[in-house]
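Novice: I'll drop the sequence and a predicted model, then ask my questions.
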Amino acid sequence: MSITLDSVFCIDAVEEAIDRHGCPAIFNTDQGSQFTSAAFTGMLKDRGIRISMDGRGCWRDNIFVERLWRSLKYEEVYLHAYDSVSVAKECIGRYFRLYNTRRPHSSLADRTPDESYFSQLPVERQHDPLAYPVIQPCFAVQKSGATSSDHRKLVTLAFD
């Protein structure tokens, strides 16, 4: 997670993903300044990765990712006034662990993403695959004097 539109963060994230999972044939992004920078596109070209960028209004091109971001925003981010970026990272990390390992998805035949994509049951569900987890909320206390506008700015910086 980054609160800036700096391409350095994006380059580091892609390089880490390539180190862990290998080089993709195509990399798709929107046309944000961090993705159109010479440094970012050069890094992809140097690895022989074809670049695909969504055009204006092409939400259908990445509807699955857009749906994930919508779920994250409405089920986690908009419900909390994070006190800091580090608290936001911790809470959002917890949300993604729940989302991938314990939350059944109807589009995946009521399996979790981990069950569907990795063909294995996470430890939490191996004993009782029908059990739906109790969601532990991630509380972040809003500083006194902070306004809802300040909260929206943090959310905007972190996720838009």
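Specialist: Noted; the coordinates are in hand.

Novice: max-length helix in the chain?
Specialist: Under DSSP state H, the helix in the chain containing the largest number of residues is helix 85-101.

Novice: Could you write out the alpha-carbon coordinates of it in CSV?
Specialist: In CSV, the C-alpha atoms belonging to helix 85-101 read as follows (Å, rounded to 0.1, in the frame of the first residue of the first chain):
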residue,chain,number,x,y,z
VAL,A,85,-1.3,4.5,7.5
SER,A,86,0.3,1.8,9.6
VAL,A,87,-3.1,1.1,11.3
ALA,A,88,-4.8,1.1,7.8
LYS,A,89,-2.2,-1.4,6.5
GLU,A,90,-2.7,-3.7,9.5
CYS,A,91,-6.5,-3.7,9.3
ILE,A,92,-6.5,-4.1,5.5
GLY,A,93,-4.1,-6.9,5.8
ARG,A,94,-6.4,-8.6,8.2
TYR,A,95,-9.3,-8.1,5.8
PHE,A,96,-7.4,-9.7,2.9
ARG,A,97,-6.4,-12.7,5.1
LEU,A,98,-10.1,-13.2,5.9
TYR,A,99,-11.2,-12.6,2.3
ASN,A,100,-8.7,-15.1,0.9
THR,A,101,-8.6,-17.8,3.5
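
Novice: How about the helix or strand following it, which residues are buried there?
Specialist: Going down the chain from helix 85-101, the next helix or strand is helix 113-118, by DSSP states H and E. Across helix 113-118, burial judged by 16 or more other C-beta atoms under 10 Å covers Pro113, Asp114, Glu115. For every residue, glycine as well, the C-beta is placed using N, CA and C.
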